[in-house]
Structure formats: structure tokens, C-alpha cells
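model this:
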Amino acid sequence: MRAWEKNLRQVTPYVAGEQPKDLNKIKLNTNENPYPPTKNIEDALKHQSEMLRLYPDTEATVLVEELAKFYDLDKDQIFVGVGSDDVLAMSFLTFFNSEKPILFPDITYSFYDVWANLYKIPYERPALDENFHIRKEDYYKENGGIVIANPNAPTSIFEDISVIEDIVANNQDVIVIVDEAYVDFGGQSALPLLKKYDNLVVVQTFSKSRSMAGMRIGFAMANKELITALKNVKESYNSYTMNYPSIVCGAEAVKDKEYFYETLDKIIATRERVKSELSEVGFQMPESKTNFLFITHEKVAAKDLFEALRNEHIYVRYFNKPRISNYLRVSIGTDEEMNEFLRVVKERIKVFNPLSICPRSPHF
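Got it, this is the predicted structure:
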């Protein structure tokens with residue numbers, strides 16, 4: 001080993017879903033919104049090229065003001081960043097600095113352990129129960145902070161807000177982060193708990209429900225002291241994280257409430273229809289409060305179905321990991337895309353051989 005190699009920061013990076021270049025393929029593997037963002041964005045960007053020569057507003061004022069109105073918060077209770085990944089990574093760096101391990105579930109968003117390893121934060125991963133639910137008692141022990149995705153990914157499961165409050169209430173000496181990337185698709189936000197607990201941070205994103213994954217906009221909501229701490233860390237790293245088009249387009253997306261709820265309703269309706277049709281041919285899945293389904297079949301190996309779908313140019317997500325290796329995560333696309341997905345799945349089910357050994361699936 002060369003002398004300088006021992007000083008390199010060694011981490012295993014997060015692996016994103018495959019990004020096929022051919023737009024004619026059906027892409028159901030990265031939980032993007034199948035519908036375009038509000039048309040208001042097009043109008044907002046017209047004649048704005050002159051602004052690109054200027055540094056953007058470091059406070060992202062117009063975006064923060066619209067978010068404050070939408071969520072009925074003060075402006076100084078909101079922090080924005082380049083996607084919720086940026087906001088979460090900044091939160092890990094800001095809030096998790098003790099020598100005690102932070103806690104997050106064994107099956108959850110796989111970026112959490114990446115950030116913990118990157119920042120050299122010790123962590124433990126309490127196991128979800130046999131039905132992929134949190135055991136709240138596992139979070140009563142001494143720790144350096146907690147992060148919970150609710151609804152969870154990739155399981156799609158939403159924990160009742162009473163479970164979240166119990167965890168926050170029993171950990172008031174540390175920061176609890178609730179990652180709500182999918183909450184708009186049927187879950188209940190922990191946002192009202194901000195009035196009761198000063199150790200809570202709620203993180204959301206524009207990538208899913210607001211159809212803006214390509215713009216990279218995320219935000220945190222918390223008490224003023226925690227938001228100030230986040231801002232101070234950001235300003236010590238990079239003052240200009242949010243670019244001008246993101247700020248302007250994000251504000252316009254928040255303004256258009258009617259379109260926001262319209263697309264949510266369409267995705268939820270499609271999700272429930274697809275869930276029903278998959279159940280009819282033997283699939284099991286949790287009750288989803290997200291824009292995806294987490295499916296398994298006792299007689300069909302998930303990896304085989306994943307490869308069969310890919311051969312038909314339909315991309316879903318397969319996780320070759322303990323406890324979930326016989327599951328597929330399927331994003332909800334348009335009705336036309338989901339009809340094609342269902343057609344291929346039903347055809348393939350007829351020809352697949354049963355698994356010689358199939359792990360017992362949870363009963364949802």
C-alpha cells in the first residue's frame with residue numbers, strides 16, 4: 001500500500017436504481033412521479049436566463065416563503081437543500097456528533113448507513129418485526145440520535161403517528177429525524193408534533209409527490225434553533241447549494257395546490273388498482289402509503305421475475321439483501337405503463353416454475 005492510501009476515506013457508496021437511457025422503456029424502479037410538474041414552472045422560467053449570471057439567493061427566500069405558507073410554519077422553521085438526500089446528509093453532519101450509536105431500522109433507506117460510515121458515526125440497526133413494522137421498544141435504549149423513514153422504503157409501510165410520537169417522546173435528549181419522502185401518498189405527517197417536541201426534524205422532498213426529481217429540492221422542518229444549526233453547517237460548507245431555477249420552480253410547484261392533489265389522487269388510485277390485480281394472481285404486499293408497491297409471490301422467485309420484466313424493457317427494483325431477497329419494489333407509473341407491467345407479470349406467472357425453497361412471507 002502506498003503511504004497516502006491509508007489516509008483515503010473508504011466508504012461503500014449508495015447504489016441508485018438503474019437509469020436506462022432509452023426513454024421508451026418503462027421505468028418503475030426509482031419511485032419517480034409519472035406525471036410532469038405543474039405547467040406554472042414553464043411560465044416562471046421564461047425570460048429568466050439573465051438571472052443565471054448572478055449568484056442565487058442563499059436563503060432561497062421565495063421558496064422558503066411558499067413552503068412556510070403551505071405548511072403553516074414560520075420561515076425560520078424551514079431549511080432547503082439539493083434534494084432530501086442533501087438535507088438528510090447535512091442533518092447527520094449537524095446533529096449526530098456524540099460517541100453513542102444512532103439508530104435506524106435494519107430494512108430502510110440504504111443511504112443512512114452510507115452517511116453514517118462517511119461521517120464515522122457509530123450506528124445500530126434494530127430489526128423490524130416479522131411483518132416489517134418498527135418495534136418501538138427497540139428505540140428506548142441510550143443512543144446518539146434516531147432516523148426513521150415513514151412511510152418506510154423499500155417496504156412501503158406507514159407507522160401510525162402514535163408510534164412516531166412515542167419514539168420522539170422517549171428520546172428527548174437526542175435528535176429524531178423523520179424522513180417523509182413518501183408521506184403525501186396516504187400517510188400522516190409528523191409535522192404537528194413540532195409544537196410539542198423540540199428534538200424533532202421532519203424532512204420531505206419534491207422528488208416524489210411534486211414531480212421534480214430532476215430539480216433536486218428537499219427541505220427540513222423543525223424548531224428555529226435546529227434550523228439555525230443546519231444553516232450554520234451549510235454556510236460552513238457551501239453557501240450556494242440551491243441554484244436559481246430550483247428556487248423559482250420549487251416556489252411555483254408549491255403554489256399550485258390543485259395540480260399537486262390531482263396527481264396524488266391519480267397515483268393513489270392506480271396503486272390501489274394494481275395492488276388488487278396483483279393480489280388476484282397470488283402476490284402479497286404490505287398496505288402501501290407510498291407511490292410504490294413491495295411485492296412477493298410464494299411460487300415465483302423475485303429475481304426471476306425481475307429479469308423477465310427487464311427483458312421486456314420494464315425496470316423494477318430488486319434488492320439482493322437478507323429478509324427481502326424475494327421482494328420487488330414497483331413504482332407506480334401511468335395507467336398505461338402499469339397495464340403493460342401487469343400484462344407481462346400475468347403472462348410470466350403462468351410459465352415460471354415454483355421455488356424449490358421459498359422463505360415464508362409475512363402475512364399483511
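
now the strands for the chain?
If DSSP state E is used as the criterion, the strands of the chain fall at 26-27, 78-81, 102-103, 123-124, 146-149, 176-179, 200-205, 218-221, 283-284, 292-297, 314-315, 317-318, 328-331.

which helix in this structure runs the most residues?
Of all the segments of type helix in the chain, defined by DSSP state H, the longest one is helix 257-280.

and it, which residues are buried?
Residues of helix 257-280 classed as buried by neighbour count (16 or more other Cβ atoms under 10 Å): 259-260, 263-264, 266-268, 270-271, 274-275, 277-278. Glycine gets a C-beta too; all of them are placed from N, C-alpha and C.

orientation of that helix relative to strand 292-297 in degrees?
0 degrees (axes from the mean of the first three to the mean of the last three Cα atoms, to 10 degrees).

which residues are contacting helix 257-280?
Helix 257-280 is contacted from outside by 33-35, 38-40, 70, 184-186, 209-211, 253, 285, 288, 291-293, 295, 330, 332-335, 338, 341-342, 345, using Cβ atoms under 8 Å, 6 or more residues apart in numbering.

what about those residues, which are in helices?
N40, F70, A253, D335, M338, F341, L342, V345.

any chance of those residues in a markdown table, plus neighbour count, pLDDT and distance to H47?
Output for these, formatted as a markdown table (neighbours: other Cβ atoms under 10 Å; pLDDT from 0 to 100; distance: Cβ to Cβ, whole Å):
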| residue | neighbour count | pLDDT | distance to H47 |
| --- | --- | --- | --- |
| N40 | 15 | 92 | 15 |
| F70 | 12 | 98 | 26 |
| A253 | 25 | 97 | 19 |
| D335 | 14 | 98 | 36 |
| M338 | 22 | 98 | 38 |
| F341 | 23 | 98 | 41 |
| L342 | 15 | 97 | 44 |
| V345 | 25 | 96 | 47 |
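
could you give the mean pLDDT of stretch 45-64?
Mean per-residue pLDDT for stretch 45-64: 88.

export it as CSV, just CAs?
Output for stretch 45-64, consisting of C-alpha atoms alone and laid out as CSV, is shown next (Å, rounded to 0.1, in the frame of the first residue of the first chain):
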residue,chain,number,x,y,z
LEU,A,45,-38.7,30.2,-16.3
LYS,A,46,-39.5,32.3,-19.4
HIS,A,47,-37.2,35.3,-19.8
GLN,A,48,-35.2,34.3,-16.7
SER,A,49,-31.9,33.4,-18.4
GLU,A,50,-30.5,36.8,-17.3
MET,A,51,-30.7,35.7,-13.7
LEU,A,52,-28.3,32.8,-14.3
ARG,A,53,-25.3,35.1,-14.4
LEU,A,54,-26.0,36.0,-10.7
TYR,A,55,-25.4,34.0,-7.6
PRO,A,56,-28.7,32.6,-6.2
ASP,A,57,-30.3,33.8,-3.0
THR,A,58,-28.5,31.9,-0.3
GLU,A,59,-31.7,32.0,1.8
ALA,A,60,-33.9,30.7,-1.1
THR,A,61,-36.4,33.2,0.2
VAL,A,62,-39.2,32.8,-2.4
LEU,A,63,-39.2,29.0,-2.0
VAL,A,64,-39.0,29.1,1.8
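
for that stretch, buried residues please.
Of the residues in stretch 45-64, those with enough neighbours to count as buried (16+ other Cβ under 10 Å) are P56, A60, V62, L63, V64.

so the second one touches I247, yeah?
Yes. At 4.8 Å, A60 counts as touching I247 under the criterion of Cβ atoms under 8 Å.

point out where the stretch 201-350 of the chain drops to low pLDDT.
Along the stretch 201-350 of the chain, segments meeting pLDDT under 70 are nowhere present.
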